[in-house]
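Chemist: give me a model of this one.
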Amino acid sequence: MFSEAATHFTAWLDRQVTVAGRGDGMDRLGVAPASTFWMGRLATEQEVMSSGLGQRAERLEPCAIGLRVRPTGAAPWHFEVRIQARAWTYEDPKTSSNPNRPWVRSPGIDVPVSVNIDPALPPSPFGGNALGAAFARVGATGLNAEVRVDIESWNGAPELVVQLVNSSPAQHAQLEDTHLYETAMQITGLSTVPFELEALPDSFRYDRDVPAYGVNVGVALLPGGGFRTTDTVEVTTRRPEYWTSDRPEPDLTFATLSRDPLPPLEALVQALGDYHSDRWGPLLDEHPEWDQPMRDEAAEARLTAGREIGRLQRGLQLLISDTTVRRAFQLMNDAIAHSAAGKYDSWRPFQVGFLLGALAFLVDEEEADIVDTVWFATGGGKTETYLGLLVTAALHDRMTGKTSGVTAWSRFPLRLLSLQQTQRFADALAGAELVRRRERIKGAPISLGFLVGSSSTPNRIVKTARPETADLDPDSPGMPDRFQVLMRCPFCRGNEVGMHFDRLMWRLTHQCANPDCPWPEPALPVYVVDSELYRYLPTVVLGTLDKAASVGMQAAMRGLVGPPIALCTEAMHGYTYTPRSATPTGCLVPDCSAGTRPLPMPADRYAPTLRLQDELHLLRDSLGAVDSHYESLLDHLQDELGSRRAKIVASSATLTGHDHQVDVLYRRSGRVFPTQGPVAGGSFWTRPGPMPLRRFVAVAPRGVTLDHVSDRTLDVLQIAIRRLAQDPGTVCAEAGVDPKHADRLLSYYGTDVIYGSTLYDVEAATRSLTSNTSSQGLQAVQLTGGTDFDEVRAILERLENPEADFDDRIHIVAASSMLSHGVDVARLNVMVMLGLPLSTAEFIQTTARVGRTFPGLVYVLHKIGRERDAAIFRQFGQYVTHGDRFVEAVPITRRSRRVLRLTMPGIVEARRLALMEPASRGRLTTISAVRRYFDDAGIGAADQTAAIAALLGFDGPVDDTLREEIGRWLDNWFTNLNDPAGSRTWPNELGASSPMTSLRDVEVSVPIHD
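Modeler: Purely as a prediction, here's the structure:
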């Protein structure tokens, strides 16, 4: 079985790195060991004390390792300590048998030390003489060490800090190096009680016991009792299983749910009800030791789980009673089967559970008052889950008379939307369109729009671009190929997709050259130019969060919150908007002079049915505050234009502060699926299985730079994989795997990711690696927000379809946060992290990019001089296993005057463009025209203040200062409007500042580095 072979191979890879970091098995060196090894070494106490860096010096290059334990019972205490270490000595090259490698590794010492602790006696070190004599016996006379024990107290309970200290002199006449190497310590014969993890609150689900803490090291439990130090902290997580019930797993294949969904869905809901009765029912009775707060927490969690069952039962009943909803659900399964293309043929139970629980929004407008958030482990299938809901909604819209317009506006918080995410959306929508055609459902083709901004795709294409503008024309450099966003045809899966500019229809199109493609038209139903999105209003708009700011700058953004103005009479020109001088009829095709005709369906059906927000936890701080105002603005415009409120669906990596965040962002209540189970990591929907998922290895580098450690780690990994390519039999024997797996191991573990939280880290790592590696022909690429779009596409293509010759493949991917979201490449299974990311959510999301299909290996190189990295290294095992509990609450508020000053220009302009200008039946493009409109309508600053305060929800007694801020801003705006001698030219200049061009235009960011 390949997964088992991969597990053995990742363990073997880890051993190669550990050996290189400690020096195990290396008899001689040509360079000083102090500049080579980063594990297991100890500086001298004298060296650390004289450094002037205080505690930071002890972290950067410690002189001691140790264990902190909590003994059982009162003093005196007696226990055994065993010390292991080596030295490196230097031979004069003139007399050395190997002058090119004059550093010689000594034999190891292994010294037992008996420790007796009596607090009544003065503290004294242990084992100094025995350790000094042991070093002398192995040829390192002058080196010394001792065991020291400090007695400390916490909440009245005694704690023992047992340390091995390098007490050698910093300089010695006969020794070139007085460091100790390959150090280790173990404690036996001491009865202890565990610590309680203080970083997390108590909870009925979680065990907070920590047997012992390491001092500059990790801790491992000895089989017969006791502890030993480890140079790294290794944590292995388990691949989840998705069926935990004792009942038979229902058939949730796409084929079955398309044909007859009710029996398997009834079985699923019944199994969930049984689980609730069996696991949640007796929970409180089984734990009489719980205190009242814990009992209350468990009782509330049980009620929440019961409400989840109720939602699924309601969804099931809806499928039974509403034939249109049921048909949309059945056809959605056909569409997703097309998207899956045989890679999988079934839903995981939690995915179907979410769909059942959320279906009610299709028929119940009150469901829009609740934000449904998918909270599940990254890699579990969240994207496919909300794609299922989205396709169901799109088909339901078509069946109920929404023949055109946007069903869903899906937004991602990063600047560069993953091309893989885009392809997944395109594949699912292509499946939906094929189903629509097969079933002869009326309406426009189900289509995809890509809305990410001019850095990736054009805002518009003009007849002739002027050099002083950023506009493009059909003959601009790179046109049209550099704007390809699909890696393959979503209909036939072929790679024969190319770009074409259709001058007749004035469209930038993706076209499939496969003559057997089931899509019958030249242009695929995909739109990548902003103006084309407004013309055709694709079924799903997929883009980055920033583009919501365009609602305050672009009149045609009205089509994403409500009805356009009309339809152009010229075939395929699409929808029209308020006329401008360049578009006199409102048609966005250059030089179009055709007339307009009424909208082909009721105006109230055009607004999005869904707004989908990916990675909700990233909407924080200033970005979240700004977005909260724009979310309210979108709701306001949609309501004013006569449409029902959009349902919001989100995914998130954290539950911490979820309800508060949802309330701030959307002024809605929040609901999370799935409900957490009665035990940590286990619920009806998932539990850890026996197969490894990821092997995390925390490293605290000693005495050398982080760059050196990352270079050496990657170098060792690449040397190891090259050995596998050149001598598979020997390597497979060492790793304990069958040589028949060698080629697959080479493919799945031959590409390493080096991840930096900042662009500076990524670029520095790339430069350092390419200049310092010993591996020949190393091919490294970068994936960051600054990587060109076409280069990203080429890199992903190479990663998914590697070259036949290993030497020609990508060996290193240096990546920033762009990799953290939506990148799903099965061949990325080894990662080196340059320090801990700034947030736990980023750590979870980033490390989830490896080990998607087979066991992953993640090295976390702590920037150990930083307090946070040092603290997390101390409890790294708990940090990984309790990961979601370490995620920080999202800091966010909408009640900020500074943010209000940023968003007011966009809010005022959006109301002018989307509401007032169409109502005026003319153009409000000049200040004089706006002045006449306000005068005729009798609108003043007070009316505008009340309207904007209401749309933002600033209607409480605590909001007086914010309402005053809005009033002051609008007083100034109206003063400028009514100033006949004013120098301003355009309405968007009337405020104190212009509308935001991106929701990220909050402040100038300055990178800060250690």
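Chemist: give me the below-cutoff pLDDT ranges for the protein.
Modeler: Along the chain, the model assigns pLDDT under 70 to residues 199-202, 378-379, 414-418, 454-455, 770-774, 821-822, 1002-1010.
Chemist: mind listing what the top strand by length along it pairs with, with the direction of each?
Modeler: The longest strand of the chain (DSSP state E) is strand 687-699. Taking DSSP bridges as the criterion, strand 687-699 forms sheet pairs with strand 232-241 (antiparallel), strand 856-861 (parallel).
Chemist: for that strand, output the C-alpha coordinates as PDB.
Modeler: The C-alpha trace of strand 687-699 is given here as PDB (Å, rounded to 0.1, in the frame of the first residue of the first chain):
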ATOM      1  CA  ARG A 687     -12.800  11.400  13.700                       C
ATOM      2  CA  PRO A 688      -9.100  10.800  13.400                       C
ATOM      3  CA  GLY A 689      -8.300   7.600  11.600                       C
ATOM      4  CA  PRO A 690      -5.300   5.300  11.800                       C
ATOM      5  CA  MET A 691      -3.400   6.700   8.800                       C
ATOM      6  CA  PRO A 692      -0.900   9.600   9.300                       C
ATOM      7  CA  LEU A 693      -1.900  12.900   7.800                       C
ATOM      8  CA  ARG A 694       1.000  15.200   8.500                       C
ATOM      9  CA  ARG A 695       4.200  14.800  10.500                       C
ATOM     10  CA  PHE A 696       5.100  18.100  12.100                       C
ATOM     11  CA  VAL A 697       8.700  18.700  13.300                       C
ATOM     12  CA  ALA A 698       9.400  21.800  15.300                       C
ATOM     13  CA  VAL A 699      13.000  22.900  15.300                       C
END
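Chemist: residue 196 and residue 878, how far apart?
Modeler: When distance is defined by Cβ to Cβ, to the nearest Å, residue 196 is 11 Å away from residue 878. Any C-beta I mention is one placed from the backbone N, CA and C, and that applies to glycine too.
Chemist: what is the burial count for the residue nearest to residue 978 when sequence neighbours are not counted?
Modeler: Distances taken as Cβ to Cβ, 6 or more residues apart in numbering place residue 931 nearest to residue 978, at 6.6 Å, with adjacent residues excluded. A count of nearby residues for residue 931, using other Cβ atoms under 10 Å, gives 18.
Chemist: so residue 931 touches residue 977, yeah?
Modeler: Yes. Between residue 931 and residue 977 a contact is recorded at 5.6 Å, counting by Cβ atoms under 8 Å.
Chemist: sorry, back to before: hey, what's in contact with both of residue 196 and residue 878?
Modeler: Residues touching both residue 196 and residue 878 (Cβ atoms under 8 Å, 6 or more residues apart in numbering) are residue 210.
Chemist: which one's more surrounded, the two?
Modeler: Counted by other Cβ under 10 Å, residue 196 and residue 878 do not tie: residue 878 has more neighbours, with 21 against 14.
Chemist: how far off centre is the helix or strand hosting that one?
Modeler: Following DSSP states H and E, the helix or strand that holds residue 878 is helix 876-881. Counting by Cα atoms, centre = their mean, to the nearest Å, helix 876-881 is centred 18 Å from the centre of its parent chain.
Chemist: just the CA coordinates for that helix, please, in CSV.
Modeler: Extracted in CSV, the C-alpha atoms of helix 876-881 (Å, rounded to 0.1, in the frame of the first residue of the first chain):
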residue,chain,number,x,y,z
PHE,A,876,4.2,22.7,20.2
GLY,A,877,2.5,19.4,20.6
GLN,A,878,-0.5,21.0,22.1
TYR,A,879,-0.3,23.8,19.6
VAL,A,880,-0.8,21.3,16.8
THR,A,881,-3.3,18.9,18.5
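Chemist: show me the contacts for residue 69.
Modeler: Taking Cβ under 8 Å, 6+ apart, one finds 159-160, 162, 187, 190, 192, 212, 227 in contact with residue 69.
Chemist: got a markdown table for the residues you listed, with neighbour count too?
Modeler: Below are these laid out as a markdown table (neighbours: other Cβ atoms under 10 Å):
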| residue | neighbour count |
| --- | --- |
| 159 | 16 |
| 160 | 23 |
| 162 | 25 |
| 187 | 25 |
| 190 | 21 |
| 192 | 20 |
| 212 | 20 |
| 227 | 22 |
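Chemist: of those residues, closest to residue 906?
Modeler: Ranked by distance to residue 906 (Cβ to Cβ), those are led by residue 212 at 55.4 Å.
Chemist: OK, contacts around the closest residue to residue 241 other than its chain neighbours?
Modeler: Closest residue in space to residue 241, ignoring its immediate chain neighbours: residue 689 at 4.0 Å, by Cβ to Cβ, 6+ apart. Counting by Cβ under 8 Å, 6+ apart, residue 689 touches 238-241.
Chemist: report the buried residues of the helix or strand containing residue 429.
Modeler: Using DSSP H and E, residue 429 sits within helix 419-438. Buried residues in helix 419-438, counted by 16 or more other Cβ atoms under 10 Å: 419-436.
Chemist: for the following helix or strand past it, which outside residues touch it?
Modeler: Past helix 419-438, further along toward the C-terminus, the next helix or strand under DSSP H and E is strand 448-451. By Cβ under 8 Å, 6+ apart, the residues outside strand 448-451 that reach it are 417, 422, 425-426, 429, 457, 485, 525-528, 530, 532-533, 536-544, 547.
Chemist: how about 7 Å then?
Modeler: Under the contact criterion Cβ atoms under 7 Å, 6 or more residues apart in numbering, strand 448-451 has outside partners 422, 425-426, 429, 457, 485, 525-528, 530, 533, 538, 540-543, 547.
Chemist: strands - which of those land there?
Modeler: Under the assignment DSSP E, the contacts of strand 448-451 contribute 526-527, 540-543 to strands.
Chemist: closest to residue 625 out of the residues you listed?
Modeler: Using Cβ to Cβ, residue 543 is the member of the ones in strands among the contacts of strand 448-451 that lies nearest residue 625, at 20.5 Å.
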